[in-house]
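S.K.: Provided below are the primary sequence and the corresponding predicted coordinates.
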Amino acid sequence: MAKNFYKELENSLILYDFLINKIGADKERFETKILPFLNELEITDFIKSPQQTKYFEYLTDLGLSIDEKYDRAIIEYTYKIRNQSKERKNLSLKYFQYLSLLFTEIFLDLLTADKEKLLSELNLFLEENKEKYKKLKQFEEKDLNRLAYWMATGSGKTIISHYNYFQIKKYFKNYNKIILITPNEGLSRQHYEELIKTGIKAAYYDGNKAVLSQDYEVLVIDINKIRLENEKVSKDDTGKTIFVDEFGNNNILLVDEGHKG
């Protein structure tokens, strides 16, 4: 059963496959040669110079075609975090964290530069590989509003979300708020504390509406407190419930589904 699940999931990772193709890689070589090579590297600081990372150097030497502006953006985010956080002054990235951010950077650039072109290219890729992705339908524009990470427990998804914060600020200008949703209060408080360590102005939102009028850059909330506008609330939940309309429109959501890998 697990084998079938992972096979089905593998055949749904079209954006991952599309982005590998975008950087000029063959997926089989990428996963059987390049990733194992990167995994064997012993790197203390992934930044080679203010203009280039060691991962970029290795990947391009291996024949991949990566625009250096994406690499420089990741360096820029890293320096921002290092400079505004004493606890993260020696921050470095593992190769899989770097690749996650690299693919995100490429996707967001393509998305904001020309959404229709990205949609067309993605659907063409789907059509060209329809035997593999036979359960997937043609993408619509609204489908491009969601981006998911599939990363193992302990792989550093929290720090990745802090990089995502800087990517959001770079590529999106007219959003209302960034809202980070977690499965429970404990994880919400953990995220809040980690955001503060990074130097990001965040608030743990427990329904205190005064928070909404302040200039917090990220609101952290656990999903079990959220209710739809017309949803009935039990007496036990009175005072603990937050209705979605309190946040207004045009928000960007970061969702941590918990330690599910």
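M.R.: Cool, got the structure.
S.K.: show me where pLDDT drops low in the stretch 151-261 of the chain?
M.R.: 227-241, 243, 245, 259-261 (pLDDT under 70).
S.K.: wait, the stretch 1-150 of the chain
M.R.: For the stretch 1-150 of the chain (pLDDT under 70), the answer is 1-11.
S.K.: strands of that one, residue ranges please.
M.R.: For the stretch 1-150 of the chain, the strands defined by DSSP state E, counting those that start in this stretch occupy 47-49, 52-53.
S.K.: so which of the ones you listed is nearest Leu195?
M.R.: Checking these against Leu195 by CB to CB gives strand 47-49 as the closest, at 22.7 Å. In this view, the C-beta of every residue, glycine as well, is placed from N, C-alpha and C.
S.K.: adjacent strands (with direction) for the closest one?
M.R.: Sheet partners assigned to strand 47-49 using DSSP bridges are listed as strand 52-53 (antiparallel).
S.K.: how far off centre is the strand it pairs with?
M.R.: 21 Å (CA atoms, centre = their mean, to the nearest Å).
S.K.: what residues does it touch?
M.R.: 46-47, 68, 71-72, 74-75, 98 (CB atoms under 8 Å, 6 or more residues apart in numbering).
S.K.: 10 Å instead, please
M.R.: 43, 45-47, 59-60, 68, 71-72, 74-75, 78, 92-93, 98, 102 (CB atoms under 10 Å, 6 or more residues apart in numbering).
S.K.: how about JSON lines for the strands of the stretch 1-150 of the chain, with mean neighbour count and distance to Lys170 added?
M.R.: Converted to JSON lines, the strands of the stretch 1-150 of the chain look like this (neighbours: other CB atoms under 10 Å; distance: least, CB to CB, whole Å):
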{"stretch": "strand 47-49", "mean neighbour count": "15", "distance to Lys170": "18"}
{"stretch": "strand 52-53", "mean neighbour count": "20", "distance to Lys170": "17"}
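S.K.: mind putting these into JSON lines with distance to Gly207?
M.R.: Output for those, formatted as JSON lines (distance: least, CB to CB, whole Å):
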{"stretch": "strand 47-49", "distance to Gly207": "41"}
{"stretch": "strand 52-53", "distance to Gly207": "42"}
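S.K.: just the buried ones from the contacts of strand 52-53?
M.R.: Taking 16 or more other CB atoms under 10 Å as the criterion, what is buried in the contacts of strand 52-53 is 43, 46-47, 59-60, 71-72, 74-75, 78, 92-93, 98, 102.
S.K.: now, these that are in helices?
M.R.: 59-60, 71-72, 74-75, 78, 98, 102 (DSSP state H).
S.K.: find the pair from the residues you listed with maximum spatial separation.
M.R.: Thr60 and Thr78, at 18.9 Å, using CB to CB across those.
S.K.: re the thing from before, name the nearest of the buried ones among the contacts of strand 52-53 relative to Gln214.
M.R.: Thr78 (28.1 Å).
S.K.: give me every residue that touches that closest one.
M.R.: 45-47, 53, 88, 91-93, 98, 101, 163, 166.
S.K.: repeat for Glu193
M.R.: 202, 204, 220.
S.K.: so what's the residue count around the first one?
M.R.: By other CB atoms under 10 Å, the residues close to Ala202 number 21.
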